[in-house]
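Engineer: here's my sequence, what's the structure:
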Amino acid sequence: MIHLYTGCGQGKTSAAVGLAARSLGHGRRVVFAQFLKGGPSGEIDSLRALGATVLRAPRHDFWWNLGPCEKAAVARENDELIGLVLERCRSESPPDLVVLDEFTYVHNTPMADENLAALLVKELARRRIEAVFTGREAGPLAEIADYHSDISEVRHPFSIGCPPREGVEF
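Structural biologist: Numbers count the residues shown, from 1 in each chain. Here you go, the predicted structure:
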C-alpha cells in the first residue's frame with residue numbers, strides 16, 4: 001500500500017516517523033530515506049535506535065536558489081539515494097516499510113532522474129512493500145496512493161516570526 005502525506009501544514013514527516021516507529025515496534029524492517037533534509041533532526045537518532053535503516057541526501061539551499069551546477073549535483077545525490085533504496089528493496093531481506101521523506105519534490109521536479117524515481121515507485125508496488133511518500137505537492141503520486149492525507153496549515157508560529165524549535169520542528 002502507498003501512503004501519501006502532502007500539504008502545507010506541519011506534520012507530514014512526523015506522521016511518517018510515527019508509522020515507521022509503529023512498524024518497528026512490530027518487528028518489521030524499515031528503511032527511512034530523507035531527501036533535501038541533511039541537517040540535524042531529532043527523529044534520525046531515534047529511528048536508528050529503534051532499528052531503522054536511515055539513508056539521507058545532503059542538505060542544500062532551496063532549489064530555486066541554486067545555480068545549474070549545484071542543481072546537477074543535487075540531482076546526482078538524489079539519484080544515488082534512490083539507488084540505495086532500490087538496492088535495499090531488491091535485497092534478500094527487503095524492508096517491510098519504506099519511507100521516502102520529501103520525495104514528492106524529487107519525483108515531481110528535475111531534482112532526480114525522472115525514470116529512476118518512477119522505477120523506484122514501480123519497484124515498491126511490484127514488491128508489495130508498504131511505502132510512504134511525503135512532501136507539499138502530491139503530483140501524479142496522488143493517483144496511485146492508497147492513503148492520501150493532505151495536511152493543511154491553520155496556524156503556525158513561523159507566521160509570527162518564531163524560528164524552528166529543536167525537538168518540535170527538527
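Engineer: okay, buried residues for the lengthiest helix in the chain please.
Structural biologist: Ranked by residue count and defined by DSSP state H, the top helix of the chain is helix 68-89. By neighbour count on 16 or more other Cβ atoms under 10 Å, the buried set for helix 68-89 is 71, 74-75, 77-79, 81-82, 84-85, 88-89. Glycine gets a C-beta too; all of them are placed from N, C-alpha and C.
Engineer: and that helix, average pLDDT?
Structural biologist: Taken as a whole, helix 68-89 has a mean pLDDT of 96.
Engineer: tell me which strands the very next helix or strand once past that helix pairs with, and in which orientation.
Structural biologist: Using DSSP states H and E, the helix or strand that follows helix 68-89 towards the C-terminus is strand 97-101. Here strand 97-101 has these sheet partners by DSSP bridges: strand 30-34 (parallel), strand 130-134 (parallel).
Engineer: give me the beta-bridge partners of the residue nearest in space to the middle of the chain?
Structural biologist: The chain has residue 101 as the residue nearest its centroid, 1.1 Å off, counting by Cα atoms, centre = their mean. Here residue 101 sits in beta bridges with residue 34, going by DSSP bridges.
Engineer: follow-up on the earlier one: show me which of the buried residues of helix 68-89 is closest to residue 56.
Structural biologist: residue 81 (7.4 Å; Cβ to Cβ).
Engineer: got a list of what that closest one touches?
Structural biologist: Residues in contact with residue 81, defined by Cβ atoms under 8 Å, 6 or more residues apart in numbering, are 33, 35, 55-57.
Engineer: about what we covered before: deepest of the strands paired with strand 97-101, which one?
Structural biologist: Across those, averaging neighbours per residue (mean count of other Cβ atoms under 10 Å) puts strand 130-134 on top, at a mean of 26.
Engineer: who does whichever helix or strand comes after that one touch, helix- and strand-wise?
Structural biologist: The helix or strand immediately downstream of strand 130-134 is strand 147-150, counting by DSSP H and E. The contact analysis (3 or more Cβ pairs under 8 Å, 6 or more residues apart in numbering; DSSP states H and E) places strand 147-150 against strand 2-6.
Engineer: extract the C-alpha set from the helix or strand following the strand it packs on and format it as PDB.
Structural biologist: The helix or strand immediately downstream of strand 2-6 is helix 12-25, counting by DSSP H and E. Output in PDB follows, covering the C-alpha atoms of helix 12-25 (Å, rounded to 0.1, in the frame of the first residue of the first chain):
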ATOM      1  CA  LYS A  12       4.000  15.200   7.300                       C
ATOM      2  CA  THR A  13       7.400  13.900   8.400                       C
ATOM      3  CA  SER A  14       6.100  13.400  11.900                       C
ATOM      4  CA  ALA A  15       3.300  11.200  10.600                       C
ATOM      5  CA  ALA A  16       5.800   9.200   8.600                       C
ATOM      6  CA  VAL A  17       8.100   8.800  11.600                       C
ATOM      7  CA  GLY A  18       5.100   7.600  13.700                       C
ATOM      8  CA  LEU A  19       4.200   4.900  11.200                       C
ATOM      9  CA  ALA A  20       7.900   3.900  11.000                       C
ATOM     10  CA  ALA A  21       8.000   3.600  14.800                       C
ATOM     11  CA  ARG A  22       4.800   1.600  14.800                       C
ATOM     12  CA  SER A  23       6.100  -0.800  12.200                       C
ATOM     13  CA  LEU A  24       9.500  -1.200  14.000                       C
ATOM     14  CA  GLY A  25       7.500  -2.000  17.200                       C
END
